[in-house]
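In: 3D, please:
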Amino acid sequence: MSPEESRIESNPSMSSDDESPNGVENDLSNSMESSMQPRLLVHPENSVAYVTVSDPVQVNEGIAGRKFTMYRVNYDPPLPPADGSSPNNCNAILSYATSVNRRYSDFSWLYERLHKERPGAIVPPLPEKQSVSRFSEVFIEGRRFHLEIFLRRVVCNPELKDTECLLVFLGGGDDEFKKAKKDGSFGSVKANVEAAATGPADESYPPFDPEMAPGAHYNSQQDYNKLIDKVEEELSTKKAGIKKWIKERKTSLKGTMVRSPDDAIFDEITNYISALEMGLKRIDTQTSSLIRRDKDVSTCMLEFGLGCEALCHIDDEINGVVSEEDDTTISTGIGQTFRQMGKTADEISKLSYEYYEKELSCFREPLRDHLKMIHAVKIALQKRHNRRVTYSTCINAVESKKASVHKYKITPGKEGKSVEAAASLARAEATVIVAKQNYEECSQRVLREVDRFRKENASYMYATMLEFAKVQKEHHDKMNNAWGSLVPQLEGLDASDSALRGKSFVEASAAASKNGSSSVETDVEAITTDVQNIAMPSYPPPPEPTSNGMESSVLNEAVRYRAVDPLPTEE
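Out: Now for the predicted structure:
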C-alpha cells in the first residue's frame, strides 16, 4: 500500500480491534433515540431486506474478560417463483439461508478484503468507532443499524457481491472464517456456492511470444502461463516493501507515468468529485449552524415561557380578581396576556425541539452519509492511481533490464550473465503484463462504479432535498398556527383592565395620614409582606442525561411545573 493510499484510507473504522479508542462518539448518536434512525433514502440496499444484522449480545473473551459485542447476521433470500422464472430480486448471491455471528472486527476485515479483491470498487463506509459509552444501548443500536446498511450495500453492489470474502463472511463456519481471516485461505467456499455469480476477473493469458524475451526460462504457452500466475500471485499477496515503495515514489516524483486515452476522463471525474465534496461540506457546515439555532430556539422559548408564567403570577397576586364562587384568583388584563404568551411559548419550544430532531434524521445524517460515500469514491480513484504507478514502475524496470541485457551481450567476458539477465527480463516483462491487466481492469471498474454513483447520487440528493423542504413547510405551518391562534386571544384582552384593584400604596398612604403613623407602618408592612411572599417559579434544574442524550427532561419538567396552579413556593 502506497503512502497516498494509506493517507486516504486512514479511517478509525478500519481498525481490526473492536473496542480500541480510535474515534469519538458521533454527536448524532448523542442526540437521537435508538428508535429514531436516520432516513437514508432511495438507496438500492432497500431492495435487499433479506440481509439483516440483529440481536447484539455482549460477550466476555479470555481470562481478562474483555468485552465486545456480537451481532447476528442473517441472510435469507426470497424463494424463486413456482413457475421457474427468475425472481424479481436478482441480487441474491446464495441460494440458501445462512445465520452467523460476527463482531465489529469481522466487518472491518470484510471492508479491507473488499478493497484487496476488487480494487477500484466503491466500498461503502463502516460506522465510526468511539472511545466512551461503547456498550450503551443507543450506541450499540446505532452501530447495528449502520452495519446492516453497510452489508446491504455490499450485497447489492454488482462489483462486490460475488467476492470470496463476502461469501465466506455470510456463509462460512466459525473455523473456516477464522482461517480465512488468518491466512486469506478461502478453501472451497466459492465452489460450494450454488448461486454465486461469475467474477469479473479476466483469467485469460496473453499470447506466448517466443521472441519477447530471448533466453527466458520458458519455451511454451504452458510455461508462460505458469510464470504469469506466479507473478500475479506475488503482486497480489506480497506486502509492499521499502524497495517497492521507493521505486514507485521515484516514478511519481519523476512524472514518468504511463499515459492512457482515458486519462482526461479520470481528470474530469476527479474534479467533479472534489467540487461535489466541497459543495456538500459547505452545506453541511451551514446545516449544523441551522440545527444549533433551532435547538437554541427551543431552549430560549422554554425560558421565555417560564418568565411569562412568573410575571403572570406576580400580576395575579397584585391585580387579580378573587372569584366569588370558588375563591380562586382570576387573571385579568396584562396577567392573562402573560399567561397566554407562556402557553404559546411552551408549545413553540416543543415544536422547535421536534423540528430539531427531524432535521437531524432527515437531512444532516443523510448528508453526512453521502459525504462518506464521496470519500469512498476518492478511495476507488486512489486505487486506480496506485495501479497506474505500479504499472509505470514495472515499465521502467523492463527498460532498465533491457539495457542490462544489451550491455552484457556486447561486453566481452559478460556473455554468461546475459542468460541470467534475460531470465530477469522475462520475469519483469511478465510483471508488466500482470500490472497492465490490473491497471486496465481497475480503470474500467472505477468507470462503472462512478457511473453507478452518479445515477444514485441524483436520486439520493433529490429525495433528501425534497424531504428537507417538506419538513421546513410542515414546521413553519405549525409555527404559524401557534402564533396565529395567540393573536386573537391577545386582541380580545383589555390591557387597561389591569388597573390596581387590590392593595394600592397610594391608598395606603392616604389612610395612613388619617390613622396615624403606626397604622401606616402596619399597612405598608402588610403590603410589602404580601409582595415578598409572591411565589416565584424557580428555573428548572440543569438537564440530567437521558437515554437519548437530549434535554427532553427540561421540556417535560416545564410542562409539569406549569400545570400546577398556584406555583409552589420556594423553600
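
In: which residues of the protein fall in strands?
Out: 51-61, 66-75, 98-103, 321-322, 329-330 (DSSP state E).

In: nearest to Arg118, of those strands?
Out: Closest approach to Arg118 among the strands of the chain (C-beta to C-beta): strand 51-61, 18.3 Å. Every residue, glycine included, has its C-beta placed from N, CA and C.

In: still on that earlier bit, the strands of the chain: which one's closest to Ser361?
Out: strand 51-61 (19.6 Å).

In: Against which helices or strands is the closest one packed?
Out: Where contact means 3 or more C-beta pairs under 8 Å, 6 or more residues apart in numbering; DSSP states H and E, strand 51-61 is packed against strand 66-75, helix 137-155.

In: make it 10 Å
Out: strand 66-75, strand 98-103, helix 137-155 (3 or more C-beta pairs under 10 Å, 6 or more residues apart in numbering; DSSP states H and E).

In: so can I have TSV of these showing mean pLDDT and distance to Trp109?
Out: Formatted as TSV, the helices and strands packed on strand 51-61 follow (pLDDT from 0 to 100; distance: least, C-beta to C-beta, whole Å):
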stretch	mean pLDDT	distance to Trp109
strand 66-75	90	13
strand 98-103	91	9
helix 137-155	91	13
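
In: Tell me which of those sits most buried.
Out: Of all these, helix 137-155 carries the top mean neighbour count, a mean of 21, counting by mean count of other C-beta atoms under 10 Å.

In: Now distance to Val168 too, for the helices and strands packed on strand 51-61, in CSV please.
Out: Putting those into CSV (distance: least, C-beta to C-beta, whole Å) gives the following:
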stretch, distance to Val168
strand 66-75, 12
strand 98-103, 10
helix 137-155, 13
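
In: Excluding chain neighbours, what is closest to Phe468?
Out: Nearest residue to Phe468, sequence neighbours excluded (C-beta to C-beta, 6 or more residues apart in numbering): Phe363, at 4.5 Å.

In: let me redo that: Cys308
Out: Nearest one to Cys308, counting by C-beta to C-beta, 6+ apart, is Gly342 at 3.6 Å.

In: Roughly how far does that neighbour sit from Lys436?
Out: Distance of Gly342 to Lys436, given as C-beta to C-beta, to the nearest Å: 75 Å.

In: Mind checking which of the two has more residues around it?
Out: The neighbour count for Gly342 versus Lys436, taken as other C-beta atoms under 10 Å, is higher for Gly342 (21 against 17).

In: was I right about that one contacting Gly305?
Out: Yes: judged on C-beta atoms under 10 Å, Gly342 makes contact with Gly305 at a distance of 4.5 Å.

In: one step back: which residues sit in contact with the residue nearest to Cys308?
Out: Residues in contact with Gly342 (C-beta atoms under 10 Å, 6 or more residues apart in numbering) are Phe304, Gly305, Leu306, Gly307, Cys308, Glu309, Ala310, Leu311, Cys312, Ala558, Arg562.

In: mind redoing it with 7 Å?
Out: Gly305, Cys308, Glu309, Cys312, Arg562 (C-beta atoms under 7 Å, 6 or more residues apart in numbering).

In: Report the buried members of the residues you listed.
Out: Buried by 16 or more other C-beta atoms under 10 Å: Gly305, Cys308, Glu309, Cys312, Arg562, out of the contacts of Gly342.

In: Please flag which of those residues sit within helices.
Out: Members of the buried ones among the contacts of Gly342 lying in helices (criterion: DSSP state H): Gly305, Cys308, Glu309, Cys312, Arg562.

In: Now do the nearest residue to Leu367 once chain neighbours are set aside, the pLDDT please.
Out: Nearest residue to Leu367 in three dimensions, chain neighbours excluded: Asp284, at 5.5 Å (C-beta to C-beta, 6+ apart). pLDDT for Asp284: 92.

In: unless I'm mixing things up, Asp284 is touching Glu365, no?
Out: No: Asp284 sits out of contact with Glu365 when judged by C-beta atoms under 7 Å, with a separation of 10.6 Å.

In: which of the two has more neighbours?
Out: The neighbour count for Asp284 versus Glu365, taken as other C-beta under 10 Å, is higher for Glu365 (19 against 16).

In: now that one: how far from Leu371?
Out: 11 Å.

In: And Val506, by the same measure?
Out: From Val506 across to Leu371, the span is 68 Å (C-beta to C-beta).

In: re earlier: reformat the strands of the chain as a markdown table; add distance to Glu159.
Out: Shown next, in a markdown table, are these (distance: least, C-beta to C-beta, whole Å):
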| stretch | distance to Glu159 |
| --- | --- |
| strand 51-61 | 17 |
| strand 66-75 | 19 |
| strand 98-103 | 22 |
| strand 321-322 | 78 |
| strand 329-330 | 74 |
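
In: one step back: can you lay out the contacts of Gly342 as a markdown table showing distance to Glu441?
Out: Below are the contacts of Gly342 laid out as a markdown table (distance: C-beta to C-beta, whole Å):
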| residue | distance to Glu441 |
| --- | --- |
| Gly305 | 64 |
| Cys308 | 69 |
| Glu309 | 70 |
| Cys312 | 75 |
| Arg562 | 68 |
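
In: Against Asp369, how distant is the residue nearest to Phe468?
Out: Distance from Phe363 to Asp369, by C-beta to C-beta: 11 Å.

In: Would you mind telling me which of these two has the busier surroundings?
Out: Phe363 (24 against 20).

In: list the contacts for the more buried one?
Out: Taking C-beta under 7 Å, 6+ apart as the test, what Phe363 contacts is Thr287, Thr464, Phe468.

In: For the stretch 301-450 of the chain, just list every one of the helices.
Out: 334-359, 365-410, 415-491 (DSSP state H, counting those that start in this stretch).

In: among those, which is the most enclosed?
Out: Between those, helix 334-359 has the highest mean count of neighbours, a mean of 21, where neighbours are mean count of other C-beta under 10 Å.

In: Now do the shared contacts for Glu365 and Leu371.
Out: The contact sets of Glu365 and Leu371 do not overlap (C-beta under 7 Å, 6+ apart).

In: which one is Ser133 nearest to, not counting chain neighbours?
Out: Using C-beta to C-beta, 6+ apart, the nearest residue to Ser133 is Phe139, at 5.5 Å.

In: thought that neighbour was touching Ser131?
Out: No: contact criterion C-beta under 7 Å: Phe139 and Ser131 do not qualify, at 11.1 Å.

In: Residues contacting stretch 396-409, please?
Out: Taking C-beta under 7 Å, 6+ apart as the rule, stretch 396-409 contacts 251, 256, 414-415, 417-418, 421-422, 424-425, 428-429, 432.

In: between these, which is closest to Met70?
Out: When the contacts of stretch 396-409 are compared against Met70 (criterion: C-beta to C-beta), the nearest one is Thr251, at 45.1 Å.

In: sorry, back to before: in TSV: the contacts of stretch 396-409, plus distance to Ala380 and pLDDT.
Out: Formatted as TSV, the contacts of stretch 396-409 follow (distance: C-beta to C-beta, whole Å; pLDDT from 0 to 100):
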residue	distance to Ala380	pLDDT
Thr251	21	65
Thr256	24	69
Lys414	47	75
Glu415	48	71
Lys417	43	79
Ser418	43	80
Ala421	38	83
Ala422	38	84
Ser424	34	83
Leu425	33	85
Ala428	28	83
Glu429	29	85
Val432	24	86
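
In: which one of these is nearest Ser349?
Out: Once C-beta to C-beta is applied, the member of the contacts of stretch 396-409 that ends up nearest Ser349 is Thr251, at 62.2 Å.

In: Tally up the residues packed near Val48, please.
Out: 21.

In: separation between it and Val57?
Out: 24 Å.

In: for the stretch 251-400 of the chain, which spans come out with low pLDDT?
Out: For the stretch 251-400 of the chain, the stretches flagged by pLDDT under 70 are 251-256, 318-333.

In: 90 instead, please
Out: Across the stretch 251-400 of the chain, the ranges flagged by pLDDT under 90 are 251-263, 309-340, 361-362, 386-400.

In: Would you confirm that Arg102 contacts Tyr75?
Out: No: at 11.3 Å, Arg102 does not count as touching Tyr75 under the criterion of C-beta under 7 Å.
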